[in-house]
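A.B. asks: Got a sequence here, can you build the structure:
(one chain, ligands or ions: 1)
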Amino acid sequence: MKKLKEKHKLSLDKFINLSLYDKKFGYYMNKNPFGKKGDFITAPNISRLFSEMIAIWIISFWQSLGSPKKVNLIELGAGNGEMMKVLIESFKNFPFFLASCKFIIYEKSPKLILEQKKQLKDLKISWIKKLKRINKDPTIFIANEFFDAHAIKQFIKRNKLWYEKFVYFNNKNNAYIFEKKTDIKKLEKKINYKISKNEDFIEYSKIGINYLTNISKMIKKNSGGLLLIDYGYSGKKMKNTLQAVSNHKYSNFLKNIGKNDITHHINFSLFGEIIKNLGNLKYNYTTQKEFLIKMGIKKRAEVISENLSFLKKTDIYYRLNRLIGDRQMGNLFKVMLIKNKENKFKLGF
Ligand SMILES: C[S@@+](CC[C@H](N)C(=O)[O-])C[C@H]1O[C@@H](n2cnc3c(N)ncnc32)[C@H](O)[C@@H]1O
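C.D. replies: Now for the predicted structure:
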């Protein structure tokens, strides 16, 4: 806790960033938060059908790029490595793609890199710490719950003036929020977007927008695409979506610093505007339910459960429902594809 104690006052995003990624006590840096024993479960860990659909999507998208003989597949924030494992297993049915593809994981947490290396041993994968290290070949980026794991800033408008939220704390269990007046125009200049237009509350991730911009520029230059799957919404009006989870329950992110998974929901309208401003790019957008159904997940469930016992069949359909059910992940999670304008590919959308 040394670093936190020394600083006392931090902008909200800096505070979240330390809570999640501080080398000593950061939430993601010391533990494996996935699965039953962890704090949450992600789609690849609910059912392998999820990653199988993504695998088929990747093959088709690669074909839309002209089946390049050299292509990179990058998973951004690979968690426990489950998705990459199933992807590569599925690609064994597509040997030409397998031979053309360089598999890369971009991961920040040393603890999770170890976990991924264990899970993916014997497979040819490289781990990178900087996106700049990627070569100039066409690149397909896959990001499942990557963008929601980034720290956010929040601003509020009172009497026509904008204030940014900060965190003050004495010790790891005594922190509170305060506000500081800010010049919103300066921020708008930086991100080249009038984020405060028609808003009286702003929530956005500076880190997330930087990733989105840099990756989109790489796609423009080298060809490829970004498939992004995340909890989010698309209304123009921004919402306060900050939330913390510990032990599968909602928690207070100002308490037990380093023990909570702090997330937010992606504002896909904002992402869309940023993409539009970059020019020559196009995006497609739908719900996880639509995407997975269009990719054939129901048919796949039917085929694999054909000769199984009732119990195993029930388990497959229970998990399928978690992925596509209206009140489960189906509508809450959205899928966005960012690609070059001239590429008319729209499978899954
Ligand atoms: C919510 S988890 C999702 C993991 C995985 N994609 C899944 O669906 O199970 C977020 C992942 O992104 C990683 N991560 C977060 N911020 C990152 C960053 N700036 N650079 C690289 N990895 C990051 C985390 O360590 C973690 O592996």
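A.B. asks: Show me the shaky parts of the stretch 101-250 of the chain.
C.D. replies: For the stretch 101-250 of the chain, the stretches flagged by pLDDT under 70 are 172.
A.B. asks: need the residues of it near the ligand, please.
C.D. replies: 106-109, 112, 144-146, 149-150 (CB under 6 Å from any ligand atom). From N, CA and C alone the C-beta is placed, and that goes for glycine too.
A.B. asks: Now the residue nearest to Ser11 when sequence neighbours are not counted: which helix or strand?
C.D. replies: Among residues not flanking Ser11 along the chain, Phe166 sits closest, at 5.5 Å (CB to CB, 6 or more residues apart in numbering). Remark: Phe166 resides in strand 161-171, with elements defined by DSSP states H and E.
A.B. asks: Listing partners with orientation, what would you give for that strand?
C.D. replies: With DSSP bridges as the test, strand 161-171 is paired with strand 9-11 (antiparallel), strand 153-158 (antiparallel), strand 174-182 (antiparallel).
A.B. asks: among the residues of the stretch 101-250 of the chain next to the ligand, which are in strands?
C.D. replies: Per DSSP state E, strands hold the following members of these: 106, 144.
A.B. asks: Just the buried residues out of the residues of the stretch 101-250 of the chain next to the ligand, in ChimeraX syntax.
C.D. replies: Filtering those down to the buried ones (16 or more other CB atoms under 10 Å) takes a single ChimeraX command:
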select :106,107,109,112,144,145,146,149,150
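A.B. asks: Just the closest of the residues of the stretch 101-250 of the chain next to the ligand to Pro68, please.
C.D. replies: The closest of those to Pro68 turns out to be Tyr106 (CB to CB; 20.2 Å).
A.B. asks: Pretty sure that closest one sits against Gly77.
C.D. replies: Yes: in this structure Tyr106 lies within contact range of Gly77 using CB atoms under 8 Å: 7.1 Å.
A.B. asks: got the buried residues for the stretch of helix or strand Phe61 belongs to?
C.D. replies: Element membership for Phe61 (DSSP H and E) is helix 48-64. Applying a neighbour-count criterion of 16+ other CB under 10 Å, one finds 48-59, 61-62 buried in helix 48-64.
A.B. asks: where do the helices sit along the stretch 151-300 of the chain?
C.D. replies: 184-191, 206-222, 268-278, 288-294, 297-305 (DSSP state H, counting those that start in this stretch).
A.B. asks: who wins for proximity to Tyr231 among those?
C.D. replies: helix 288-294 (9.5 Å).
A.B. asks: The buried residues of helix 48-64: which ones sit near the ligand?
C.D. replies: Restricting the buried residues of helix 48-64 to those touching the ligand (CB under 6 Å from any ligand atom) yields no residues.
A.B. asks: Could you take the residues you listed and lay them out as CSV, with extra columns for distance to Lys344 and pLDDT?
C.D. replies: Formatted as CSV, the buried residues of helix 48-64 follow (distance: CB to CB, whole Å; pLDDT from 0 to 100):
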residue, distance to Lys344, pLDDT
Arg48, 30, 97
Leu49, 27, 98
Phe50, 26, 98
Ser51, 26, 98
Glu52, 25, 98
Met53, 21, 98
Ile54, 20, 98
Ala55, 22, 98
Ile56, 19, 98
Trp57, 15, 98
Ile58, 17, 98
Ile59, 17, 98
Phe61, 12, 98
Trp62, 15, 98
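A.B. asks: Residue of the stretch 1-150 of the chain nearest the ligand, please.
C.D. replies: Gly77 (2.1 Å; CB to the nearest ligand atom).
A.B. asks: Just give me the neighbour total for Leu292.
C.D. replies: 29 (other CB atoms under 10 Å).
A.B. asks: Do I have it right that it meets Leu323?
C.D. replies: Yes: with contact defined as CB under 8 Å, Leu292 reaches Leu323; the gap is 6.1 Å.
A.B. asks: any shared contact partners between these two?
C.D. replies: Here Leu292 and Leu323 have 49-50, 330 as joint contacts, going by CB atoms under 8 Å, 6 or more residues apart in numbering.
A.B. asks: about what we covered before: which other helices and strands does the helix holding Phe61 contact?
C.D. replies: The contact analysis (3 or more CB pairs under 8 Å, 6 or more residues apart in numbering; DSSP states H and E) places helix 48-64 against helix 43-46, helix 82-91, helix 95-100, strand 139-144, strand 224-233, helix 288-294, helix 297-305, helix 310-324.
A.B. asks: Since that was my last question, I'll sign off now.
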